[in-house]
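> Everything below, folded, please.
(one chain, ligands or ions: 1)
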Amino acid sequence: MSVVLENVHKSFGADRAVAGVDAEIATGEFFCVLGASGCGKSTLLRLIAGLEMADQGRIALGGQTMSGPDRHVPPEDRRTGFVFQSYALWPHLSVRDNVAFPGEAQGLGKAEARRQAMDHLETVSLTGFADRKPAALSGGQRQRVALARCLAGGARTILMDEPLANLDPHLRAVMEEELTRFHRASGVTTVYITHDQREAMAVADRVAVMEKGRFLQVGTPREIYERPANAAVARFIGRGTLVPVTVDGGRATVNGHSVAVDGEPADGPATAFIRPEHVTLGNAGGMEGRVGAALYRGGHWEATVLLPGIEPPVQATSTEPLAAGEPVRVAFDKAWVLPA
Ligand SMILES: Nc1ncnc2c1ncn2[C@@H]1O[C@H](COP(=O)(O)OP(=O)(O)OP(=O)(O)O)[C@@H](O)[C@H]1O
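Predicted coordinates for the structure are as follows:
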């Protein structure tokens, strides 16, 4: 089911939690809202679910207005499923009965609701766990039960509020794969909020970067990473360094050195963003610098490099060992010039 947000606002007293959000989320899309704690992500999700009333703007699901100036459809009539961090499963019910619960609540007989529950457990590869209680499942398996229960409730849109936040890094990676598999298998429109940019990149078709109640940029993970719309998005997504440059005829000059730029920025002074993978460290050529700090990250070093006239230090990556204080030659292979 498509999700349309038009100029959506929500304040709590003087606190503008959602301050004018617009988006068109296509049917079947996996849409991530990414932002730091307190930026308004949860409030936006709760507005879509109907758990909060918008102060202003319109929210439509599948072409039907759910929230508008004189309309507020209650949560139970929106056909949305909500998956929280805690998954909110019934501890005293088996996995099968947890998933059968929405069907029974909607008036299906117990036997039919259980039969359908088994179909949904099949979608999340948990048929072998139907008789267990939630306490006897791993975090990832509990999440799959929560997803199966959304399907059983007839959800046409699934809203997920940081569902992987409580999991260890290994299980998180496994669950990212599972979520994308589940999404492909179910085809359900998904709005997913997280403060973890790596997670958003991994699972989303499109990412909205949110700050202070607004979307700063909406784009594919690659657009957001490679072509950030402004300094705030650039800083929030991955590592990199903002440097002042002069653009002339499709190249930028940094500290007297010429660097290729992506796109077609206008000539003149600008700010460029350089990802660590576009910083080459070596013994010859480029600019003279000094390693500020180097951390071994398994297979590579994450370093900062001090260059005269450039503040703050440049973030770089190296597969060769580096030590703090060591002299190094630095070349920039490519830069992204931020739109004015
Ligand atoms: N029910 C409420 N009453 C008052 N203020 C609220 C309420 N819910 C949220 N807020 C405020 O609205 C702002 C946005 O909160 P929200 O929970 O949407 O942020 P978030 O981005 O989801 O944060 P987190 O990642 O920490 O959950 C915050 O300043 C918060 O304190």
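
> Let me know the helix or strand that Met210 is in.
strand 206-211 (DSSP states H and E).

> Could you name the helices and strands sitting against the next helix-or-strand element following that strand?
Remark: after strand 206-211, the chain's next helix or strand is strand 214-219, criterion DSSP H and E. Applying 3 or more CB pairs under 8 Å, 6 or more residues apart in numbering; DSSP states H and E, one finds that strand 214-219 contacts strand 15-25, strand 206-211, helix 231-236. For every residue, glycine as well, the C-beta is placed using N, CA and C.

> which residues are in contact with the first one?
The reference is to strand 15-25. Defining contact as CB atoms under 8 Å, 6 or more residues apart in numbering, one finds that strand 15-25 is touched by 2-11, 31, 40, 43-44, 47, 54, 57, 189, 191, 206, 208, 210, 212-215, 218.

> neighbouring strands for whichever helix or strand comes after it, and are they parallel or not?
Toward the C-terminus, strand 15-25 is succeeded by strand 30-34 as the next helix or strand (DSSP H and E). Using DSSP bridges, strand 30-34 pairs in its sheet with strand 189-194 (parallel), strand 206-211 (parallel).

> tell me which residues in stretch 160-167 are buried?
Going by neighbour count (16 or more other CB atoms under 10 Å), the buried part of stretch 160-167 is Met160, Asp161, Glu162, Pro163, Leu164, Leu167.

> ok, now stretch 180-198?
Judged by neighbour count (16+ other CB under 10 Å), stretch 180-198 contains these buried residues: 180, 182-183, 186, 188-195, 197.

> With only the CA atoms kept, save that stretch in PDB.
Output in PDB follows, covering the C-alpha atoms of stretch 180-198 (Å, rounded to 0.1, in the frame of the first residue of the first chain):
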ATOM      1  CA  THR A 180      15.200  -8.000   3.000                       C
ATOM      2  CA  ARG A 181      14.300 -11.600   2.200                       C
ATOM      3  CA  PHE A 182      11.000 -11.200   4.200                       C
ATOM      4  CA  HIS A 183      10.300  -7.900   2.400                       C
ATOM      5  CA  ARG A 184      10.900  -9.500  -1.100                       C
ATOM      6  CA  ALA A 185       8.700 -12.500  -0.100                       C
ATOM      7  CA  SER A 186       5.800 -10.600   1.300                       C
ATOM      8  CA  GLY A 187       6.000  -7.500  -0.900                       C
ATOM      9  CA  VAL A 188       4.600  -5.400   1.900                       C
ATOM     10  CA  THR A 189       5.400  -1.700   2.000                       C
ATOM     11  CA  THR A 190       7.800  -1.100   4.800                       C
ATOM     12  CA  VAL A 191       8.600   2.100   6.700                       C
ATOM     13  CA  TYR A 192      11.600   1.400   8.900                       C
ATOM     14  CA  ILE A 193      13.200   3.800  11.400                       C
ATOM     15  CA  THR A 194      16.700   3.500  12.700                       C
ATOM     16  CA  HIS A 195      19.600   5.700  13.900                       C
ATOM     17  CA  ASP A 196      22.100   3.400  12.300                       C
ATOM     18  CA  GLN A 197      23.200   4.500   8.900                       C
ATOM     19  CA  ARG A 198      24.900   1.200   8.000                       C
END
